[in-house]
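Pasted the sequence and its predicted model underneath.
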Amino acid sequence: MRGKVKVLYFAWVRERIGKTEEIVEPPAAVRTVGDLVTWLSARGEEYAHAFENPKVIRAAIDRTHVKQDTALAGAREIAFFPPMTGG
Amino acid sequence: MRGKVKVLYFAWVRERIGKTEEIVEPPAAVRTVGDLVTWLSARGEEYAHAFENPKVIRAAIDRTHVKQDTALAGAREIAFFPPMTGG
Amino acid sequence: MATIRLQREDFDVAAEQRKLSEGRGDIGAVVTFTGICRGGEGAEDIAAMTLEHYPGMAEEEIARHVTEAEQRWALKGVTVIHRYGRMVPGDNIVLVLTASSHRGDAFAAAEFLMDYLKTSAPFWKQEERTGAAAEKTSWVEARDTDQAATDRWNKPNRGRTAAE
Amino acid sequence: MATIRLQREDFDVAAEQRKLSEGRGDIGAVVTFTGICRGGEGAEDIAAMTLEHYPGMAEEEIARHVTEAEQRWALKGVTVIHRYGRMVPGDNIVLVLTASSHRGDAFAAAEFLMDYLKTSAPFWKQEERTGAAAEKTSWVEARDTDQAATDRWNKPNRGRTAAE
């Protein structure tokens, strides 16, 4: 993807990373949600810890659930969180 | 069956017969619920009208649903009514 | 644990729910079903409805199905209130309230009780209509779909649900 | 027609039911589901629970499933209220209210909405415990049975029910 994008974190993903949101600018080679997880994981121990088990990480692009292989192109807001436990 | 028994009627069975309840004393040959329906039907036009289609008549003995071939022996209270429409 | 009432007067859904769940930490799910008198659609609308019942048997029949529901699902409380007498469109007719730790049991038990109330509790509805039919009253006919809904519960595996 | 609210404050089940059905003659069945904070069982009981949510997405995700429910069943009204923030055992968490002409649609839609709320609405529960674990908080883990409950709705023939 090109340019800056807002990333949000919730629940224990937020706690491990220590931020509720941030603006990141990944390189062009980061094309999918899964690529972004990999790229973020390399940013530091707190990210590596949050994303240590990518299978349990859920993602949303612009407030819609997406899969790991979904393209980031056009995304304004990307969120990462654990499986939901509302209701 | 032997002796007297209380018979109750509800909804359009009650309306057609023109009574909410009565005490009857059927002969010994009246052994089942179906026998009682046949015996009552012969008591007059209002009974014949109420029981003209025995398939849609439901019955209860002592406040428990029963089938047409259930024996009357021991019954204290027998009720006849159309299919239920509560709820 | 179960409350079963037949009454002429209206009921208060919130008050019944409060009675059943207040001060308890073990209830996670409460389902209520409220059956309401409908006005119908078209020129000959329903002006009112009168519910006749078999006193004594109605309570006993409901109690038998509440006991069965308590055996099939893990319930923390059940309330069934059925009104009789004359009602106009918008009036409450019946309330079924089930409480459980988990939602699957509460939903299944409430639907089970309603299906059995419809087909086996001794109540009969008579309708008064508006318009050209205003002078006539008619007994509501039992519907095959209600019997089909009841019959679902006799299939295997309709006890504890997957949604526990 | 649908009301969807996320709020910190409590809700009033009766008031919501009244808003949805008052003055209408076309509603025959109202189902409410109330989800309540449980205290748990055993020595390390739940002292409180905090619900975190994704503002914006939570409303949108609920609205998507309300729209789907309206397409699958004949509904006359839907209300979904989900609280966030800190709650203690006995507190209300979530309300789903469905109104229809007939009970089958109201029951199915309410259960469908609850199953999807559990697995796809962006809410996360964190628990505080009593006793030896009093200092620790822990995130509630998603349960496979909730996903299984949701998956039921993707089977064929889970639209209009037989109980209409």
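Structure received. A quick note: this is a predicted structure, and the numbers were derived from the prediction, not measured. Residues are numbered from 1 along each chain as shown, chains lettered A, B, ... in the order given.

Check whether residue A:29 really touches residue A:35, as I assumed.
Yes: between residue A:29 and residue A:35 there is a contact under C-beta atoms under 8 Å: 7.2 Å. The way it works is simple: take the backbone N, C-alpha and C, and place the C-beta from them, glycine included.

So for these two, which sits in the more crowded spot?
Neighbour count, other C-beta atoms under 10 Å in any protein chain shown: between residue A:29 and residue A:35, residue A:35 has more, with 18 against 8.

Next one, pLDDT for that one please.
Among the per-residue scores, residue A:35 holds a pLDDT of 97.

Phi and psi next, for residue C:15.
phi -60, psi -40 (degrees, to the nearest 10).

again with residue A:20
phi -90, psi -30.

and it, what does it touch?
Residues near residue A:20 by C-beta atoms under 8 Å, 6 or more residues apart in numbering or on different chains: A:8, A:9, A:14.

ditto for residue C:110
Contacts of residue C:110 (C-beta under 8 Å, 6+ apart): C:31, C:32, C:33, C:96, C:97, C:98, D:31, D:107.

Can you list which of these are found in helices?
residue D:107 (DSSP state H).

Show me the two of the contacts of residue C:110 that sit farthest apart.
C:97 and D:107 (13.8 Å; C-beta to C-beta).

Need the overlap of contacts for the two.
Common neighbours of residue C:97 and residue D:107 (C-beta under 8 Å, 6+ apart) are C:33, C:110.

The residue of chain A found nearest chain D and residue D:101: what is the separation?
Distances between chain A and chain D by C-beta to the nearest C-beta are smallest at residue A:86, namely 2.6 Å. Taking C-beta to C-beta, to the nearest Å as the measure, residue A:86 falls 30 Å from residue D:101.

Then residue C:117?
Separation of residue C:117 from residue D:101 (C-beta to C-beta) stands at 17 Å.

Excluding chain neighbours, give the residue nearest to residue A:83 in space.
Spatial nearest neighbour of residue A:83, excluding adjacent residues (C-beta to C-beta, 6 or more residues apart in numbering or on different chains): residue D:142 at 3.5 Å.

okay, now the one you found: neighbour count?
Per other C-beta under 10 Å, the neighbour tally for residue D:142 reads 18.

Can you name the residues that contact it?
A:82, A:83, A:84, A:85, D:119.

what's the burial count for residue C:156?
Residue C:156 has 5 nearby residues by other C-beta under 10 Å.

Where does it fall, secondary structure wise?
Under the criterion DSSP states H and E, no helix or strand holds residue C:156.

quick one, what contacts it?
Counting by C-beta under 8 Å, 6+ apart, residue C:156 has no contacts.

Tell me the spacing between it and residue C:65.
Counting by C-beta to C-beta, the gap from residue C:156 to residue C:65 is 19 Å.

ditto for residue C:84
Residue C:84 is 18 Å from residue C:65, where distance means C-beta to C-beta.

Show me where chain C has its strands.
Assigned by DSSP state E, chain C shows strands spanning C:2-7, C:29-36, C:46-53, C:75-83, C:85-87, C:92-100, C:123-129, C:137-139.

who in chain C is up against chain A?
Within chain C, the positions lying close to chain A (C-beta under 8 Å from any C-beta of the partner chain) are residue C:103.

so where's chain C uncertain?
The model of chain C has pLDDT under 70 over residues C:41-44, C:133-134, C:157-164.

Could you rerun that using 90?
Low-confidence segments of chain C, defined by pLDDT under 90: C:1, C:21-25, C:39-46, C:129-137, C:143-148, C:154-164.

For chain A, give me its nearest residue in it.
Nearest to chain A, among the residues of chain C, is residue C:103, at 7.9 Å (C-beta to the nearest C-beta).

Grab the nearest non-local neighbour of that residue.
In space, residue C:103 is closest to residue C:29, 4.1 Å off (C-beta to C-beta, 6+ apart).

Just confirm residue A:78 is within a helix.
No: with DSSP: H, G, I helix; E, B strand; the rest coil as the criterion, residue A:78 is located in strand rather than a helix.

who's more crowded, residue C:117 and residue D:101?
Legend: neighbour count by other C-beta under 10 Å for residue C:117 and residue D:101, higher for residue C:117 (26 against 19).

That one against residue C:80, yeah?
Yes: using C-beta under 8 Å, residue C:117 is in contact with residue C:80, at 7.4 Å.

Report how many residues lie close to residue C:15.
10.

measure residue A:28 to chain C for me?
Noted for residue A:28: a distance of 45 Å to chain C, by C-beta to the nearest C-beta, to the nearest Å.

Can I take it that that residue is in a strand?
No: when classified by three-state DSSP, residue A:28 is found to be coil rather than part of a strand.

My read is that it contacts residue A:3, right?
No: contact criterion C-beta under 8 Å: residue A:28 and residue A:3 do not qualify, at 9.8 Å.

quick one, strands of chain A?
Under DSSP E, chain A gives strands at A:5-9, A:21-24, A:58-61, A:64-66, A:77-81.

Which neighbours in the sheet does the fourth one have, and how are they oriented?
So that's strand A:64-66. strand A:58-61 (antiparallel) (DSSP bridges).

again with the second one
The sheet places strand A:21-24 alongside strand A:5-9 (antiparallel), with pairing taken from DSSP bridges.
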